[in-house]
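Asks: Below: sequence and its predicted model.
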Amino acid sequence: MTQQHPDLADEQAYIDHAYGCLETSRTDAWKLRNIHEGTLGGTTQARYERDVFDETLVNRLTQLDLGDAALVFGRIDRHRDPVAGEPDTDEPGVIESFHIGRLAVADDNREPVVVDWRAPVAEPFYRATGRESMGLARRRHFAVQGRNLLGIEDELFGAGHLGVGQEDDIEAKPGAGLRGYSTLLAVLERGRTGQLGDIVATIQGEQDEIIRSPQAGVLVVQGGPGTGKTVVALHRAAYLLYTFRFPLEDQGVLVIGPNRVFLRYIERVLPSLGEAGVEQVVLADLVHDVTWGGHDAPLTARTKGDLRMAMVIDKAVTDRERPLREDLVIGFRTGYLRLREQETFRIVRAAQRRFRRHNAARRWVEGEVWASMAATWRDGEVTPAQVKEGIRHMPEVRQALERMWPVLSPADLLHDLFGSKALLKLAATGQLNEDEYLSLYRSRADDISTVRWSDNDIALLDEARNYLGQRPVKAGGPEETDEIRTYGHIVIDEVQDLTPMQLRMASRRSLNGSMTVVGDIAQATGALAPNNWDDIVKHLPDRKGSRVIGLSVGYRIPAQIMEIANRVMMAATPSLRPPTAVRQGDDVPDFVYVDSADALGAAVAAETARLIGEIVDGNIAVVAPDPMVEMISAALNAAGIKHGRATRTALDTGVTVVPVSVVKGLELDGVIVVEPAAIVADEMQGLRALYVALTRSTRRLSIVHSQPLPLAMVGDA
């Protein structure tokens, strides 16, 4: 790339013109909104239309606000093909140009100035190769910072030019087969900001194939560290919203991430692409009215994640639908009403046949009870409504109804189930062995609101919610909002760490089976780590099939770091192939050994201070085993090193202490991995967790340890 390209001034002028057109569009949109705000009142239909119009304008204004993101990042010059019915001047060989950017911009005459990167005409910018030029004569990449054009890189196609992807000598060159290699390298070598950036200007061919692939069915993306699988999935969501705006915008798009640190890390990507309305959550956000913070033993975590728990919960609900053990006799007026035991058996069985959701049957059960008891009155006529009014507040009647068909919340059901070994045995018979169902037992709390539920309980609470349904609304009470919402497309990141029960929970929210799930089997560190993608896909919607696509190129991690990480990966998952690193780093990883655990904190602080001096334009993470985080933070404080904690501040500070349990998916300029042997020993999938920790850095990696390194790291050394 050269800073003195002959077209630099002209292209800068064009970019300035594009920004002027964008500002005009924004001003016009604000004028329309201000005019509309003045039209108050009117009919219900008029108010509804005004609200829809206003919402559309707000969305448009949001799209037009790019912040610091560059509007234009490239251009294509293509040979115009003859079009039927157009003048003969439209001949082959005539060149037409399109500037490619984040969103479409037109001038005052509605002529296109910038083409949205998702438009079909922009596809050759990402997909053209030397073998298949897709009609291009030239592809131009801009190195931009905000509105300023810093440089231009041209790729020429056709006779006399060697296009990207052609063979011969180019295959031996760095970046062979990569589109806009110099521009890509410049982006990769920028310092990290603590927020994941988009890759819209540097999307490569294999990434674009995934982004533009058909919406239907489940698309599985296998990608090793640094292959860009997360940003590819987010760009795919933006592409689908652009291509299928109606009805997908109304149906909604859901992005599920592994933890809140990760969500903070990716939160700016979709807004930078003009899509601010996508819902981004962790699984816990989909379950309400409980308190999180509990922890499970390994056997408990594995049991709760097993798909057999769906049958256990189903049986637990059925076990709460019970006939009375004996007749209920209630004094009424001058006589008695009777609810016969055999009649309660009939009512319960009929309700089970008639209703799919437990709570929905409660009012019907009550109505049958009142009618059955009214039929036993022998002193004149009495209606079920009169029976209900006369006895419904009696304690023994309420107790009988609660035995037959209690109204339950998911937390009520699981709190009662986990607090009784007898109920656990009853529900788990034929599904779990004794060790498994006893691992679920925990003493009941006096107040259910004080119970702290674990991450493994999320899917169980959701499963119970699915069987129970919403609770009946009391007369005059607030409307229940307990129905499970579905979405037109769902993106799941780090999917390899979801248990079968959690995958079932995510699938429940799919409206039509359209999903993009991304992950890396080699980085699976969950309670029930899968061995292959079949172990995951079988728990996802199968209405329209599934496809597995791999990302083979590692863009982020230097080859020297990948060499060490790949040793660990091959020991953890020998059947997988590591990604190919496209760039060499400036430095090999550093190993710092201390002869005692007591000196570990000081050594970490010293190594952190060294990296701070060497990495002046990026961020640094100290990745430590979860039990060591407090000690490491204290050591940094003692050394006067200002830092944050990932669980509190995400990556908003220059130096962040990150527990290994939440480091997945993050990328940083410098990483210090503390005590690899402890990571392997502490985590359920120790070698895979270590592999994750070693593959977070884009520039510098240091390993500080007092224990011997795991053999997988040492290799043949």
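Replies: Okay, I see it.

Asks: Look up phi and psi at residue 644.
Replies: phi -120, psi 170 (degrees, to the nearest 10).

Asks: what's the neighbour count on the residue nearest to it when sequence neighbours are not counted?
Replies: Spatial nearest neighbour of residue 644, excluding adjacent residues (C-beta to C-beta, 6 or more residues apart in numbering): residue 653 at 3.6 Å. (C-beta placed from N, C-alpha, C; glycine too.) Residues lying near residue 653 (other C-beta atoms under 10 Å) number 17.

Asks: how close does residue 653 get to residue 508?
Replies: Separation of residue 653 from residue 508 (C-beta to C-beta, to the nearest Å) stands at 38 Å.

Asks: Please apply the same query to residue 377.
Replies: According to C-beta to C-beta, residue 377 and residue 508 sit 46 Å apart.

Asks: Where does pLDDT dip in the stretch 151-300 of the chain?
Replies: Residues of the stretch 151-300 of the chain that meet the criterion pLDDT under 70 lie in 159-195.

Asks: again, only using 80
Replies: By pLDDT under 80, the weakly predicted segments of the stretch 151-300 of the chain are 158-199, 272, 274, 276-277.

Asks: for the stretch 551-700 of the chain, same thing?
Replies: 583, 585-586, 648-650.

Asks: Spell out the residue ranges of the strands in it.
Replies: Assigned by DSSP state E, counting those that start in this stretch, the strands in the stretch 551-700 of the chain fall at 553-554, 580-581, 590-593, 620-624, 644-645, 655-659, 668-674, 697-705.

Asks: where does residue 507 land on pLDDT?
Replies: Residue 507 carries a pLDDT value of 96.

Asks: Would you agree it is in contact with residue 541?
Replies: Yes: counting by C-beta atoms under 8 Å, residue 541 is a contact partner of residue 507 at 5.3 Å.

Asks: neighbour count winner among these two?
Replies: Taking other C-beta under 10 Å, residue 507 and residue 541 do not tie; residue 541 has more neighbours (20 against 17).

Asks: quick one: contacts for the closest residue to the more buried one other than its chain neighbours?
Replies: Nearest residue to residue 541, sequence neighbours excluded (C-beta to C-beta, 6+ apart): residue 513, at 3.6 Å. For residue 513, the contacting residues are 216-218, 541-544, by C-beta atoms under 8 Å, 6 or more residues apart in numbering.

Asks: Residue 292 belongs to a strand?
Replies: Yes: if the criterion is DSSP: H, G, I helix; E, B strand; the rest coil, then residue 292 is within a strand.

Asks: Out of the contacts of residue 513, which sit inside helices?
Replies: Counting by DSSP state H, those place none of their members in helices.

Asks: Now compare those and name the two farthest from each other.
Replies: Taking C-beta to C-beta, the two most distant members of these are 216 and 542; they sit 12.0 Å apart.

Asks: which one of the strands of the stretch 551-700 of the chain is the most hemmed in?
Replies: Most buried of the strands of the stretch 551-700 of the chain, by mean neighbour count (mean count of other C-beta atoms under 10 Å): strand 620-624, with a mean of 28.

Asks: Return the list of helices and strands in contact with it.
Replies: Where contact means 3 or more C-beta pairs under 8 Å, 6 or more residues apart in numbering; DSSP states H and E, strand 620-624 is packed against helix 600-614, helix 629-638, strand 655-659, strand 668-674.

Asks: Dump that strand to PDB, keeping only the CA atoms.
Replies: The C-alpha trace of strand 620-624 is given here as PDB (Å, rounded to 0.1, in the frame of the first residue of the first chain):
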ATOM      1  CA  ILE A 620      -3.300  -6.300  28.000                       C
ATOM      2  CA  ALA A 621      -5.000  -9.200  29.800                       C
ATOM      3  CA  VAL A 622      -3.700 -11.300  32.600                       C
ATOM      4  CA  VAL A 623      -5.500 -14.600  32.200                       C
ATOM      5  CA  ALA A 624      -5.500 -16.600  35.400                       C
END
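
Asks: What angle do helix 629-638 and that strand make with each other?
Replies: 140 degrees (axes from the mean of the first three to the mean of the last three C-alpha atoms, to 10 degrees).

Asks: Let me see the residues that make contact with strand 620-624.
Replies: The contact list for strand 620-624 (C-beta under 8 Å, 6+ apart) reads 604, 608, 611-612, 632, 636, 643, 646, 651, 654-660, 663, 666, 668-675, 693, 696.

Asks: and it, which strands flank it?
Replies: strand 655-659 (parallel), strand 668-674 (parallel) (DSSP bridges).

Asks: want to try CSV for those strands, with distance to residue 572 as columns?
Replies: Output for the strands paired with strand 620-624, formatted as CSV (distance: least, C-beta to C-beta, whole Å):
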stretch, distance to residue 572
strand 655-659, 20
strand 668-674, 16
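
Asks: To residue 239, which of those lies closest?
Replies: Nearest of the strands paired with strand 620-624 to residue 239, taken as C-beta to C-beta: strand 668-674 at 27.7 Å.

Asks: any idea how far that closest one is from the chain center?
Replies: 24 Å (C-alpha atoms, centre = their mean, to the nearest Å).

Asks: between it and helix 600-614, what angle do the directions make?
Replies: Orientation check (the same axes, to 10 degrees): strand 668-674 against helix 600-614 gives 160 degrees.

Asks: residues in contact with strand 668-674?
Replies: Defining contact as C-beta under 8 Å, 6+ apart, one finds that strand 668-674 is touched by 191-192, 600, 604, 607-608, 611, 614-615, 617-625, 628, 632, 651, 656, 679, 690, 693-694, 696-705.
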